[in-house]
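Peer 1: Got a predicted structure here, sequence first:
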Amino acid sequence: MVFQAVEADLAEAAPVGVGKKMRKENPKKFFTKEEKEKIVHAIQEAEQKTSGEIRVHLASSCKKSVLEEATETFEKLGMTQTKVRNGILFFLSLSDHQFAILGDIGIHEKVHKEFWDHIRDTVIESFKKEEFSEGLIAGIHECGEKLKLYFPRDHTDQNELSNDVSSF
C-alpha cells in the first residue's frame, strides 16, 4: 500500500497546456527518444545521491481514479518491495489529462504534504507550457535532493528498480 500521494487534473490546471503533445495518447510515442533519455538521465542523477528509487509511468487512460490506477501501478512495478520502502512514482494518464505522484511508507514517515504539493506544483508549471519532460525532470531533481537528506546513498546501495519510463 502506498502512503503518500498527490494528484492534479491537468486539463483544469492548464487548459492551454493540454495541446498537441498532451493529445498524443499513446504512451510509447508521447516522449521522443531524446526526451526519454533525458528523463532516465535525471532519474540516474537523482539516484546517485540517494538509496531512493524513482520511476515514471505513462498510461493511455484510467479506468478508475488516477490515484487508484497509480497505486496499482506502483505495486505492479514492485515499488513496495524496495529495501527501505523509499520509492516515488510519477504517474501520467494521457487521455484523461491526470497526473499523480506517489511515495512509499519510508518517505511518508519523513516528509510532509507540503513537499508533495511543491513537487506537484513544480511539475505542473512546466506542463502548463507543454514542457512535459522538463516538468518531470524538475520534479525528479527535487525528489532526489529531498531523498538524499533522509536516505543518503552509501557504498552498499544497489539500483533496485529500472530507471526506464514505463507503460503497459
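Peer 2: Ah, there it is. Numbering: from 1, shown residues only.

Peer 1: who's in contact with the top helix by length along the chain?
Peer 2: Longest helix in the chain by number of residues (criterion: DSSP state H): helix 132-150. Under the contact criterion Cβ atoms under 8 Å, 6 or more residues apart in numbering, helix 132-150 has outside partners 21-22, 30-31, 35-36, 38-39, 42-43, 45-47, 49-52, 54, 56, 86, 88, 90, 92, 101, 107, 110-111, 115, 118-120, 122-127. C-beta: built from backbone N, CA, C; applies to glycine.

Peer 1: Neighbouring strands of the next helix or strand after that helix in the sheet, and parallel or not?
Peer 2: Next in sequence after helix 132-150, counting helices and strands by DSSP states H and E, comes strand 165-166. In the sheet, strand 165-166 lines up against strand 53-59 (parallel) (DSSP bridges).

Peer 1: could you dump the strand it pairs with to CSV, C-alpha only?
Peer 2: The C-alpha coordinates for strand 53-59 follow below in CSV (Å, rounded to 0.1, in the frame of the first residue of the first chain):
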residue,chain,number,x,y,z
GLU,A,53,14.0,4.7,-6.2
ILE,A,54,12.2,7.0,-8.7
ARG,A,55,10.0,5.8,-11.6
VAL,A,56,8.0,7.5,-14.3
HIS,A,57,5.0,5.7,-15.8
LEU,A,58,2.7,6.7,-18.6
ALA,A,59,-0.8,5.3,-19.0
